[in-house]
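Participant: got a structure for you, letters missing:
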DNA sequence: GAGTGGTCTAGACCACAAT
DNA sequence: TTGTGGTCTAGACCACTCC
């Protein structure tokens, strides 16, 4: 019924920090001290403190002590989920039109981002994702053929491109940016946007095995879509 | 020189998963099995497996075993940093104009979000943050007087409102959303935007001690600012 | 009942900081 | 030299699941 000792110690440490009793940079009691105070083995204290350090609430300095971490406050995390998941989670039904699926030659910026020569062949897919029939996201995706040779043979009305890529090329790293943009005319029409209506653009480059594998532009109607999260 | 045992075990487990040797839902060897294989104590194996489970790469089921976790959604994390930090980190110099600092009455939506009655007094600050003199962010912030009684007496040209709030009201939780918006005329002028140019709007509500403490609208010029990150 | 993970102990040796 | 954290051991007891 009672919480584990390491959990009680975590809670106690957290409450001290939240109460402002220890401020940024302050040293907290050492492991042996805490072990005595809570009458537990040092390994138990170690687990509590190590987990708080992993969560960036404490900073450990071998040989000198454990300190309250600088408030990384202003650091906020946004979670961006698969569009299909997100729509279904809200009780909507997800569908997708494949508007384009074929091969193109890499333009300069794209080639640089993917680390290939200009003019190299790339697979391109353009999908319009819908939530209950309403346009929710336009997905433009360029894929390195070497990373997913079977890409063009997929049926992306069932299973999104990113779900397919996750299977065939387990991703190691993602780099992305979020921008507010006025969409091109074709994008505006696809998303059924009014004139002058802005888009959220999520641009994402995924890496697999140390090499870039795919680049995507995800266009969201600014008026009907938000990226949300909490910390 | 050699990596710790728990780290070697983590790496080994990860490589098995990445190699596709174990797929989603597969059971991995038990702790005693791994301990024998690596000739270490079970506690050492436990740490390795526990850390991978905390990272959602494995799922543990007490009594039955440890399994490869379902492929992590399409989850991506965006880190949003303090504007002043971010500017300085890029080698720019941060400055801020205080455009407004005073008391207002809570309007309906705001009151609901902060959990107070409509018409309740709130502190309001409006700051224009600049990077090397160029407008980089317009910050509108509403603060519950109870959460930061000394708010109106601060000099926000040195030290941002959020830095001050972190000190006096250590935050417990943040809820936010990111939108693409066309700015109001006053915002457009403050950020020196062209007509029709969209903004990234980061809307954030912070909680301290279980109660809402402050709400902020952070307006970024869409053409000159991006939220970026990696995973 | 046998096997699993969850937790904990009471020691230990080490590299490293401060002094 | 003393104190710190980093790691590891070889046991232990428990609650739980599966057979």
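Facilitator: Yes, it's here. Nothing here was measured: the structure is a model prediction, and the numbers come from that model.

Participant: What about residue A:190, how many residues nearby?
Facilitator: Residues near residue A:190, counting by other CB atoms under 10 Å in any protein chain shown, number 20. C-beta coordinates here come from the backbone N, C-alpha and C atoms, glycine included.

Participant: now residue A:130: how far from residue A:83?
Facilitator: Remark: distance between residue A:130 and residue A:83 (CB to CB, to the nearest Å) = 10 Å.

Participant: Can you pick out the residue with more neighbours from the two?
Facilitator: Legend: neighbour count by other CB under 10 Å for residue A:130 and residue A:83, higher for residue A:83 (23 against 18).

Participant: Surely the more buried one touches residue A:127?
Facilitator: No. Here residue A:83 does not reach residue A:127: they are 9.4 Å apart, not a contact under CB atoms under 8 Å.

Participant: Quick check: neighbours shared by these two?
Facilitator: Residues touching both residue A:83 and residue A:127 by CB atoms under 8 Å, 6 or more residues apart in numbering or on different chains: A:139, A:160.

Participant: Which stretches in chain A count as helices?
Facilitator: Secondary structure of chain A by DSSP state H: the helices cover A:5-18, A:31-38, A:42-54, A:83-89, A:108-114, A:161-168, A:185-190.

Participant: Where among those helices is average confidence lowest?
Facilitator: Confidence, taken as mean pLDDT, is least for helix A:83-89 of the helices of chain A (a mean of 72).

Participant: how does chain A divide into domains?
Facilitator: A:5-68, A:83-221 (automatic domain parsing).

Participant: winner for burial among those domains?
Facilitator: Of those, the one with the most neighbours on average (mean count of other CB atoms under 10 Å in any protein chain shown) is domain A:83-221, at a mean of 17.

Participant: can you list the residues of chain A near DNA strand D?
Facilitator: With CB under 7 Å from any atom of the strand as the criterion, chain A meets DNA strand D at residues A:28, A:30-33, A:42-43, A:46, A:49-50, A:53, A:60-66.

Participant: rerun that using 6 Å as the cut-off
Facilitator: With CB under 6 Å from any atom of the strand as the criterion, chain A meets DNA strand D at residues A:30, A:31, A:32, A:43, A:46, A:50, A:60, A:62, A:63, A:65, A:66.

Participant: Show the pLDDT at the residue nearest to the first one when sequence neighbours are not counted.
Facilitator: In space, and not counting its chain neighbours, residue A:30 is closest to residue A:65: 6.5 Å by CB to CB, 6 or more residues apart in numbering or on different chains. Per-residue pLDDT puts residue A:65 at 91.

Participant: Select, out of the domains of chain A, the one closest to residue B:6.
Facilitator: Nearest to residue B:6, of all the domains of chain A, is domain A:5-68, at 11.3 Å by CB to CB.

Participant: quick one: the residue in chain A positioned nearest to DNA strand C from residue B:192, how far?
Facilitator: Closest residue of chain A to DNA strand C, CB to the nearest atom of the strand: residue A:63 (2.6 Å). Between residue A:63 and residue B:192 the computed distance is 51 Å (CB to CB).

Participant: just for chain A, where's the confidence low?
Facilitator: For chain A, applying pLDDT under 70 flags the ranges A:1, A:71-81, A:89-91, A:169-173, A:209-210, A:223-231.

Participant: what about the strands in it?
Facilitator: With DSSP state E as the criterion, chain A has strands at A:58-61, A:65-68, A:76-80, A:94-105, A:121-131, A:134-143, A:173-181, A:199-208, A:211-221, A:227-230.

Participant: wait, residue A:201 sits on residue A:180?
Facilitator: Yes. If you go by CB under 8 Å, residue A:201 and residue A:180 touch, sitting 7.4 Å apart.

Participant: Need the residues touching each of the two.
Facilitator: Counting by CB under 8 Å, 6+ apart, the contacts common to residue A:201 and residue A:180 are residue B:180.

Participant: quick one on the thing from earlier: can you put the strands of chain A in CSV and add distance to residue A:151?
Facilitator: Below are these laid out as CSV (distance: least, CB to CB, whole Å):
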stretch, distance to residue A:151
strand A:58-61, 44
strand A:65-68, 49
strand A:76-80, 22
strand A:94-105, 8
strand A:121-131, 5
strand A:134-143, 5
strand A:173-181, 18
strand A:199-208, 13
strand A:211-221, 9
strand A:227-230, 27
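
Participant: what's the closest of the ones you listed to residue B:21?
Facilitator: That would be strand A:199-208 among those, by CB to CB, at 17.1 Å.

Participant: circling back: residue A:95: which of the helices of chain A is closest?
Facilitator: Closest approach to residue A:95 among the helices of chain A (CB to CB): helix A:83-89, 9.1 Å.
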